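*Asks:* My questions concern the predicted model and sequence given below.
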Amino acid sequence: ALVRRTCFVTGAVDMNGCPEADRGEVAFIGRSNVGKSSLVNMLTNRKSLAFISKTPGKTQQFNYFAVNDKPDLERQIRYGDEVLGSKDRDSFYIVDLPGFGFAKVPQKQRQEWSDFMDEYLQKRETLRVIFHLIDARHGPTEEDAKIMHKVGTIMGSKEQRNNAKYIIILTKADKNVKSASSEKNPGKVSKSVLDKLMNTMKANHVGYAPIVLTSAETRLGRDEVWKYLRLAAEK
Ligand code: GTP
Ligand code: MG
(Lines give C-alpha, C1' and ligand atoms only; values in the text may rest on other atoms or scores of the structure.)
(Ligands and ions follow the chains in the order given, each with its own letter.)
Protein backbone atom coordinates (compact mmCIF):
# COMPACT_ATOMS: atom_id res chain seq x y z
CA ALA A 1 0.00 0.00 0.00
CA LEU A 2 1.14 3.53 -0.69
CA VAL A 3 -0.35 4.99 2.48
CA ARG A 4 -0.12 3.05 5.69
CA ARG A 5 -1.05 5.87 7.99
CA THR A 6 -1.47 9.62 7.99
CA CYS A 7 -1.83 12.10 10.80
CA PHE A 8 -2.22 15.82 11.28
CA VAL A 9 1.00 17.36 12.56
CA THR A 10 0.54 21.09 12.89
CA GLY A 11 -0.91 24.24 11.38
CA ALA A 12 1.81 26.77 10.56
CA VAL A 13 1.32 30.51 10.10
CA ASP A 14 4.99 31.33 9.49
CA MET A 15 8.27 29.58 8.68
CA ASN A 16 9.03 29.05 12.38
CA GLY A 17 5.81 27.10 12.72
CA CYS A 18 6.81 24.49 10.12
CA PRO A 19 8.01 21.17 11.51
CA GLU A 20 11.67 20.23 11.34
CA ALA A 21 12.70 19.80 7.69
CA ASP A 22 13.74 16.18 8.09
CA ARG A 23 11.89 14.67 5.10
CA GLY A 24 10.48 15.57 1.71
CA GLU A 25 7.18 17.41 1.36
CA VAL A 26 4.60 18.40 -1.24
CA ALA A 27 2.38 21.49 -1.19
CA PHE A 28 -1.16 21.95 -2.51
CA ILE A 29 -1.87 25.51 -3.58
CA GLY A 30 -4.74 27.09 -5.47
CA ARG A 31 -7.85 29.22 -5.37
CA SER A 32 -10.18 28.95 -2.43
CA ASN A 33 -12.76 26.16 -2.94
CA VAL A 34 -10.87 24.57 -5.86
CA GLY A 35 -10.65 21.27 -3.94
CA LYS A 36 -7.22 21.16 -2.25
CA SER A 37 -8.37 19.64 1.01
CA SER A 38 -10.69 17.19 -0.77
CA LEU A 39 -7.78 15.98 -2.89
CA VAL A 40 -5.58 15.50 0.18
CA ASN A 41 -8.30 13.27 1.65
CA MET A 42 -8.72 11.33 -1.58
CA LEU A 43 -4.97 10.71 -1.88
CA THR A 44 -4.64 9.52 1.71
CA ASN A 45 -7.88 7.48 1.70
CA ARG A 46 -9.35 9.54 4.50
CA LYS A 47 -12.79 11.09 4.70
CA SER A 48 -11.98 14.10 6.81
CA LEU A 49 -8.29 14.29 7.54
CA ALA A 50 -8.26 17.74 5.96
CA PHE A 51 -11.45 19.68 6.66
CA ILE A 52 -13.44 20.65 3.64
CA SER A 53 -16.35 23.01 3.17
CA LYS A 54 -18.82 24.26 0.59
CA THR A 55 -17.93 27.75 1.78
CA PRO A 56 -14.58 29.04 0.54
CA GLY A 57 -11.93 30.02 3.07
CA LYS A 58 -12.06 26.81 5.09
CA THR A 59 -8.33 26.14 5.42
CA GLN A 60 -6.75 28.92 7.49
CA GLN A 61 -3.20 27.70 8.07
CA PHE A 62 -0.49 25.73 6.31
CA ASN A 63 -1.70 22.36 7.51
CA TYR A 64 0.99 19.69 7.76
CA PHE A 65 0.05 16.02 7.47
CA ALA A 66 2.61 13.28 7.97
CA VAL A 67 2.23 10.30 5.67
CA ASN A 68 3.72 6.97 6.72
CA ASP A 69 5.22 8.13 9.96
CA LYS A 70 6.54 5.47 12.25
CA PRO A 71 4.40 5.70 15.38
CA ASP A 72 6.38 7.08 18.28
CA LEU A 73 5.42 4.46 20.83
CA GLU A 74 7.26 6.02 23.72
CA ARG A 75 5.43 9.33 23.31
CA GLN A 76 2.18 7.51 22.75
CA ILE A 77 2.54 5.73 26.06
CA ARG A 78 3.56 8.92 27.84
CA TYR A 79 0.72 11.04 26.52
CA GLY A 80 -1.86 8.37 25.88
CA ASP A 81 -2.96 9.55 22.47
CA GLU A 82 -2.02 9.15 18.88
CA VAL A 83 0.87 11.51 18.43
CA LEU A 84 3.48 12.58 15.94
CA GLY A 85 5.57 9.73 14.72
CA SER A 86 9.22 9.61 13.91
CA LYS A 87 10.61 9.52 10.43
CA ASP A 88 10.24 6.27 8.56
CA ARG A 89 11.85 5.18 5.31
CA ASP A 90 9.06 6.36 3.03
CA SER A 91 7.51 9.11 5.07
CA PHE A 92 6.85 12.63 3.80
CA TYR A 93 4.71 15.66 4.56
CA ILE A 94 1.65 16.85 2.69
CA VAL A 95 1.02 20.57 3.17
CA ASP A 96 -2.52 21.83 2.55
CA LEU A 97 -2.50 25.60 2.10
CA PRO A 98 -5.21 28.22 2.60
CA GLY A 99 -6.81 29.17 -0.71
CA PHE A 100 -6.26 32.51 -2.38
CA GLY A 101 -8.78 34.77 -4.06
CA PHE A 102 -11.57 34.60 -1.53
CA ALA A 103 -12.98 38.10 -1.07
CA LYS A 104 -14.30 37.52 2.45
CA VAL A 105 -10.89 36.81 3.92
CA PRO A 106 -9.63 40.17 5.28
CA GLN A 107 -6.94 41.82 3.21
CA LYS A 108 -4.42 41.73 6.06
CA GLN A 109 -4.87 37.97 6.41
CA ARG A 110 -4.54 37.42 2.68
CA GLN A 111 -1.33 39.43 2.62
CA GLU A 112 0.09 37.36 5.48
CA TRP A 113 -0.68 34.10 3.68
CA SER A 114 0.76 35.45 0.47
CA ASP A 115 4.00 36.59 2.16
CA PHE A 116 4.31 33.27 3.97
CA MET A 117 3.76 31.41 0.70
CA ASP A 118 6.50 33.41 -1.07
CA GLU A 119 8.95 32.67 1.69
CA TYR A 120 7.84 29.06 1.92
CA LEU A 121 8.20 28.38 -1.82
CA GLN A 122 11.67 29.92 -1.84
CA LYS A 123 13.16 28.75 1.41
CA ARG A 124 11.64 25.44 2.37
CA GLU A 125 14.57 23.21 1.47
CA THR A 126 12.68 19.95 1.62
CA LEU A 127 9.86 21.06 -0.71
CA ARG A 128 9.86 18.59 -3.61
CA VAL A 129 6.59 19.17 -5.45
CA ILE A 130 4.28 22.18 -5.81
CA PHE A 131 0.81 21.10 -6.96
CA HIS A 132 -1.17 24.02 -8.33
CA LEU A 133 -4.87 23.15 -8.44
CA ILE A 134 -7.08 24.74 -11.06
CA ASP A 135 -10.76 24.12 -11.76
CA ALA A 136 -11.03 21.91 -14.86
CA ARG A 137 -14.13 23.71 -16.04
CA HIS A 138 -12.83 27.26 -15.89
CA GLY A 139 -9.09 26.99 -16.33
CA PRO A 140 -6.70 29.51 -14.77
CA THR A 141 -8.03 32.81 -13.37
CA GLU A 142 -6.11 36.08 -13.00
CA GLU A 143 -5.06 34.95 -9.52
CA ASP A 144 -3.80 31.66 -10.92
CA ALA A 145 -1.73 33.56 -13.45
CA LYS A 146 -0.19 35.57 -10.60
CA ILE A 147 0.70 32.39 -8.74
CA MET A 148 2.29 30.93 -11.87
CA HIS A 149 4.27 34.10 -12.25
CA LYS A 150 5.43 33.84 -8.66
CA VAL A 151 6.44 30.19 -9.06
CA GLY A 152 8.02 30.88 -12.45
CA THR A 153 10.08 33.69 -10.98
CA ILE A 154 11.23 31.66 -8.00
CA MET A 155 12.07 28.50 -9.95
CA GLY A 156 15.70 28.51 -10.95
CA SER A 157 16.42 31.83 -9.19
CA LYS A 158 19.27 32.29 -6.75
CA GLU A 159 16.77 32.59 -3.93
CA GLN A 160 15.31 29.16 -4.51
CA ARG A 161 16.66 26.74 -1.92
CA ASN A 162 14.87 23.65 -3.17
CA ASN A 163 14.53 21.88 -6.45
CA ALA A 164 10.76 21.61 -6.38
CA LYS A 165 8.80 20.40 -9.39
CA TYR A 166 5.73 22.31 -10.47
CA ILE A 167 2.64 20.28 -11.45
CA ILE A 168 -0.77 21.51 -12.56
CA ILE A 169 -3.82 19.62 -11.31
CA LEU A 170 -7.19 20.18 -12.97
CA THR A 171 -9.84 19.44 -10.34
CA LYS A 172 -13.49 18.37 -10.16
CA ALA A 173 -13.33 16.43 -13.41
CA ASP A 174 -16.52 14.61 -12.47
CA LYS A 175 -18.43 17.88 -12.69
CA ASN A 176 -16.67 19.64 -15.42
CA VAL A 177 -15.21 17.29 -17.93
CA LYS A 178 -17.07 15.40 -20.57
CA SER A 179 -17.59 11.79 -19.45
CA ALA A 180 -14.62 11.64 -17.05
CA SER A 181 -15.17 8.64 -14.82
CA SER A 182 -12.00 6.63 -14.13
CA GLU A 183 -8.29 6.23 -14.83
CA LYS A 184 -9.29 4.28 -17.94
CA ASN A 185 -11.74 6.91 -19.04
CA PRO A 186 -10.26 10.28 -18.13
CA GLY A 187 -12.65 12.23 -20.34
CA LYS A 188 -11.85 15.41 -22.17
CA VAL A 189 -10.96 18.86 -20.95
CA SER A 190 -12.36 21.50 -23.27
CA LYS A 191 -9.98 22.89 -25.84
CA SER A 192 -10.55 26.45 -24.69
CA VAL A 193 -9.53 25.57 -21.12
CA LEU A 194 -6.39 23.80 -22.33
CA ASP A 195 -5.48 26.67 -24.63
CA LYS A 196 -5.95 29.16 -21.83
CA LEU A 197 -3.81 27.00 -19.55
CA MET A 198 -1.01 26.66 -22.10
CA ASN A 199 -1.01 30.39 -22.81
CA THR A 200 -0.99 31.30 -19.14
CA MET A 201 1.92 28.94 -18.43
CA LYS A 202 3.88 30.33 -21.34
CA ALA A 203 3.24 33.93 -20.35
CA ASN A 204 4.35 33.34 -16.76
CA HIS A 205 7.67 31.54 -17.12
CA VAL A 206 6.66 28.13 -15.86
CA GLY A 207 7.26 26.43 -19.20
CA TYR A 208 4.99 23.48 -19.88
CA ALA A 209 4.31 21.87 -16.53
CA PRO A 210 2.83 18.36 -16.37
CA ILE A 211 -0.98 18.44 -16.15
CA VAL A 212 -3.03 15.88 -14.20
CA LEU A 213 -6.81 15.63 -14.32
CA THR A 214 -8.42 14.63 -11.01
CA SER A 215 -11.68 14.09 -9.20
CA ALA A 216 -11.98 13.66 -5.46
CA GLU A 217 -15.39 12.09 -6.11
CA THR A 218 -14.45 9.36 -8.60
CA ARG A 219 -10.75 9.18 -7.56
CA LEU A 220 -9.68 9.94 -11.10
CA GLY A 221 -5.98 10.81 -11.32
CA ARG A 222 -5.01 9.25 -8.00
CA ASP A 223 -2.26 6.98 -9.39
CA GLU A 224 -0.87 9.79 -11.48
CA VAL A 225 -0.59 12.17 -8.52
CA TRP A 226 0.96 9.42 -6.41
CA LYS A 227 3.82 9.16 -8.89
CA TYR A 228 4.81 12.64 -7.75
CA LEU A 229 4.13 11.97 -4.08
CA ARG A 230 6.61 9.12 -4.27
CA LEU A 231 9.28 11.61 -5.30
CA ALA A 232 8.78 13.34 -1.97
CA ALA A 233 9.20 10.11 -0.06
CA GLU A 234 12.52 9.32 -1.70
CA LYS A 235 15.77 10.57 -0.33
P1 GTP B 1 -10.15 26.33 0.90
O2 GTP B 1 -9.74 25.53 2.09
O3 GTP B 1 -11.21 27.32 1.16
O4 GTP B 1 -8.98 26.95 0.20
O5 GTP B 1 -10.84 25.31 -0.17
P6 GTP B 1 -10.26 23.94 -0.77
O7 GTP B 1 -9.51 24.23 -2.02
O8 GTP B 1 -9.55 23.17 0.27
O9 GTP B 1 -11.60 23.18 -1.22
P10 GTP B 1 -12.36 21.96 -0.48
O11 GTP B 1 -11.58 20.71 -0.60
O12 GTP B 1 -12.77 22.40 0.87
O13 GTP B 1 -13.65 21.76 -1.43
C14 GTP B 1 -14.53 22.80 -1.73
C15 GTP B 1 -15.86 22.23 -2.22
O16 GTP B 1 -15.69 21.56 -3.47
C17 GTP B 1 -16.48 21.20 -1.28
O18 GTP B 1 -17.87 21.36 -1.28
C19 GTP B 1 -16.10 19.86 -1.91
O20 GTP B 1 -16.99 18.82 -1.62
C21 GTP B 1 -16.14 20.21 -3.40
N22 GTP B 1 -15.21 19.36 -4.19
C23 GTP B 1 -13.87 19.25 -3.99
N24 GTP B 1 -13.32 18.40 -4.88
C25 GTP B 1 -14.34 17.94 -5.66
C26 GTP B 1 -14.42 17.02 -6.76
O27 GTP B 1 -13.44 16.44 -7.24
N28 GTP B 1 -15.66 16.83 -7.31
C29 GTP B 1 -16.77 17.46 -6.85
N30 GTP B 1 -17.94 17.21 -7.45
N31 GTP B 1 -16.74 18.32 -5.79
C32 GTP B 1 -15.54 18.56 -5.21
MG1 MG C 1 -8.95 23.66 2.16
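*Replies:* Looks like it arrived, so ask away. Ligands and ions are numbered 1, 2, ... in the order given.

*Asks:* Run through the strands of the protein in chain order.
*Replies:* Ranges of strands in the chain, per DSSP state E, are 6-12, 25-30, 62-67, 92-96, 127-135, 165-171, 211-213.

*Asks:* Serialize these to a markdown table and add fields for mean neighbour count, distance to ligand 2 and mean pLDDT.
*Replies:* Where you see a C-beta, it was placed from the backbone N, CA and C, and this is true even at glycine. Output for the strands of the chain, formatted as a markdown table (neighbours: other C-beta atoms under 10 Å; distance: least, C-beta to the ion, whole Å; pLDDT from 0 to 100):
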| stretch | mean neighbour count | distance to ligand 2 | mean pLDDT |
| --- | --- | --- | --- |
| strand 6-12 | 17 | 12 | 91 |
| strand 25-30 | 25 | 8 | 97 |
| strand 62-67 | 23 | 8 | 93 |
| strand 92-96 | 25 | 6 | 95 |
| strand 127-135 | 24 | 10 | 97 |
| strand 165-171 | 22 | 12 | 97 |
| strand 211-213 | 20 | 18 | 96 |
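
*Asks:* Turn those into CSV, including distance to ligand 1.
*Replies:* CSV is the format used below for the strands of the chain (distance: least, C-beta to the nearest ligand atom, whole Å):
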stretch, distance to ligand 1
strand 6-12, 12
strand 25-30, 6
strand 62-67, 9
strand 92-96, 7
strand 127-135, 7
strand 165-171, 6
strand 211-213, 10
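
*Asks:* right, so of those strands, which gets closest to residue 114?
*Replies:* For residue 114, the closest of these is strand 25-30, at 10.9 Å, according to C-beta to C-beta.

*Asks:* what is the most centrally placed residue in the chain paired to in the beta sheet?
*Replies:* The residue lying closest to the centre of the chain (C-alpha atoms, centre = their mean) is residue 28, at 1.3 Å. Beta bridges link residue 28 to residue 96, residue 131 when assigned by DSSP bridges.
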